[in-house]
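Asks: here's a sequence, model it:
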Amino acid sequence: MQTSHALSLPNILTYGRILAVPLLVACFFVPGTTFRLIALGLFIAAAVTDFFDGYLARAWHQQSALGRMLDPIADKLLVAACLMMLTADGTIRDWSMLAALIILAREILVSGLREFLAELRVSVPVSNLAKWKTTLQLIAIGVLLGAPAVEARLPGITLLGIVLLWIAAILTLYTGYDYFRAGIRHLLEED
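Replies: Numbers count the residues shown, from 1 in each chain. As a prediction, this is how the structure comes out:
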């Protein structure tokens, strides 16, 4: 790995997304709507970097092994931490916790599958539908992060976030199935 790639803007954006996670989580421990809105702002900034780090890496020919490794880790840390905190504070509750569990389980399972397939030097490209799934997850989480702070002025915003979370969970199941279908023949091969 070249040092220039480790300190490239796309990788710096990814580092920033990773560093935003503990700050975002810390905002949940401070009562009141101000810190909830700060958490939302951090989340939006982190979600925007998810688009720009990959775009800039491709546009500027600064793709690196480090970036390819850290980008999905940053995504999963951000999504998992937010889903856990939203569940812990009761924004996501009852049956909607199943949607959060589906999203988390799929991310873990697909990560394991990708690691296994990488050992076999088999690449499973990210589909356009998987990109839409990620976008919808981020929108749903963003709505749910901000909902308690604005529910009084925008009644039903929490319900909208929950509906979006369920749609994201359904897409998550479908795209997870796509990954497993693409990798199943490699999983079933004998050593």
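Asks: surely I162 and R93 touch.
Replies: No: using CB atoms under 8 Å, I162 is not in contact with R93, being 9.3 Å away. The C-beta positions use only the backbone N, C-alpha and C, and glycine is treated the same way.
Asks: who has more neighbours out of the two?
Replies: In this view I162 and R93 are compared by other CB atoms under 10 Å, and I162 has more residues nearby, 21 against 12.
Asks: what's near enough to touch the closest residue to that one other than its chain neighbours?
Replies: Sequence neighbours aside, S96 is the residue nearest to I162 in space, at 5.1 Å (criterion: CB to CB, 6 or more residues apart in numbering). Each residue near S96 by CB atoms under 8 Å, 6 or more residues apart in numbering is listed here: I162, L165, W166.
Asks: mind listing the shared neighbours of I162 and R93?
Replies: Residues touching both I162 and R93 (CB under 8 Å, 6+ apart): none.
Asks: would you mark the buried spots in stretch 166-184?
Replies: Residues of stretch 166-184 classed as buried by neighbour count (16 or more other CB atoms under 10 Å): W166, I167, A168, A169, L171, T172, T175, G176, Y179, A182, G183.
Asks: for the helix or strand harbouring the fifth one, name the packing helices and strands.
Replies: What it means is L171. Under the criterion DSSP states H and E, the helix or strand holding L171 is helix 157-188. Applying 3 or more CB pairs under 8 Å, 6 or more residues apart in numbering; DSSP states H and E, one finds that helix 157-188 makes contact with helix 96-119, helix 128-150.
Asks: got the angle for it vs helix 128-150?
Replies: Helix 157-188 runs at 150 degrees relative to helix 128-150, counting by axes from the mean of the first three to the mean of the last three CA atoms, to 10 degrees.
Asks: I'd like the numbering to begin with 28 instead of 1 from here.
Replies: In the new count, where the first residue is 28, that last one comes out as helix 184-215.
Asks: tell me the angle of helix 184-215 relative to helix 123-146?
Replies: Relative orientation of helix 184-215 and helix 123-146, computed by the same axes, to 10 degrees: 30 degrees.
Asks: what pLDDT, on average, does helix 184-215 get?
Replies: For helix 184-215, the per-residue pLDDT values average out at 89.
Asks: remind me which residues of the chain are low pLDDT?
Replies: Scanning the chain for pLDDT under 70 picks out the ranges 28-31, 217-218.
Asks: again, only this time at 90
Replies: Counting by pLDDT under 90, the chain shows low-confidence ranges at 28-39, 58-59, 77-99, 134, 136-158, 176, 178-179, 202-218.
Asks: off-centre distance for stretch 47-66?
Replies: A distance of 18 Å separates the centroid of the chain from that of stretch 47-66, by CA atoms, centre = their mean, to the nearest Å.
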